[in-house]
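Peer 1: Turn this into a model:
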Amino acid sequence: MPSTRLVVSPHLPLFSHSAASVYPESLEGFQQKVSALYRKTNGKNAEHQISVLDENEETVARLDMEVQLWKDTLYRNFEMRLREYLASYHPNTPVHLEEDIEILPCKALAITYQSLEE
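Peer 2: Got it, this is the predicted structure:
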């Protein structure tokens, strides 16, 4: 019967049971993660520093996921919405469904306008 062995060293702080759900990887992966976090500390009160670093990394990861979700929502059906906008506001320049829309990045944009204020 296989057994799981947990090796505790100064480089591996004891996390609570709830932290195990945050680290679904193998024991080896967990130890590598903790070792990488330990190298970022000054070695004094390392368990606390590792906890803070881990919390910061988790927060950044969650923010990255939220930003990605926001981007996916923002650009969902982008081509269809762009075609509707062009049809509504630029009817003299029709874009047919069979035509591709190509958007080229530019470094400068020149705008000519007339101020409505004095």
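Peer 1: Let's see the pLDDT reported for the residue nearest the centre of the chain.
Peer 2: Closest to where the C-alpha atoms of the chain average out (CA atoms, centre = their mean) is Asp64, at 2.1 Å. Listed pLDDT for Asp64 reads 91.
Peer 1: show me what contacts it?
Peer 2: By CB atoms under 8 Å, 6 or more residues apart in numbering, Asp64 lies in contact with nothing. Where C-beta positions appear, they are placed from N, C-alpha and C, glycine not excepted.
Peer 1: Is it inside a helix or a strand, and which specific one?
Peer 2: Secondary structure assignment for Asp64, by DSSP states H and E: helix 46-74.
Peer 1: For the helix or strand following that helix, which outside residues touch it?
Peer 2: Scanning forward in sequence from helix 46-74 by DSSP H and E, the next helix or strand is helix 78-89. With contacts defined as CB under 8 Å, 6+ apart, helix 78-89 is touched by 93-95, 97, 101.
Peer 1: Redo those as TSV? Include distance to Tyr38.
Peer 2: Below are these laid out as TSV (distance: CB to CB, whole Å):
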residue	distance to Tyr38
Thr93	61
Pro94	62
Val95	57
Leu97	57
Ile101	51
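Peer 1: Can you list which of those residues are found in helices?
Peer 2: Per DSSP state H, helices hold no members of those.
Peer 1: and the residues you listed as CSV, adding neighbour count?
Peer 2: Listed next are the contacts of helix 78-89 as CSV, based on neighbours: other CB atoms under 10 Å:
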residue, neighbour count
Thr93, 8
Pro94, 10
Val95, 14
Leu97, 7
Ile101, 10
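Peer 1: Let me know the closest of these to Arg39.
Peer 2: Among the contacts of helix 78-89, Ile101 lies closest to Arg39 (CB to CB), at 48.5 Å.
Peer 1: And the closest one, how far from Asp54?
Peer 2: 44 Å (CB to CB, to the nearest Å).
Peer 1: Could you do Leu82 as well?
Peer 2: 42 Å.
Peer 1: Same question for Leu69.
Peer 2: Using CB to CB, one gets 23 Å for the distance from Leu69 to Asp54.
Peer 1: Kindly report the same for Tyr85.
Peer 2: 45 Å.
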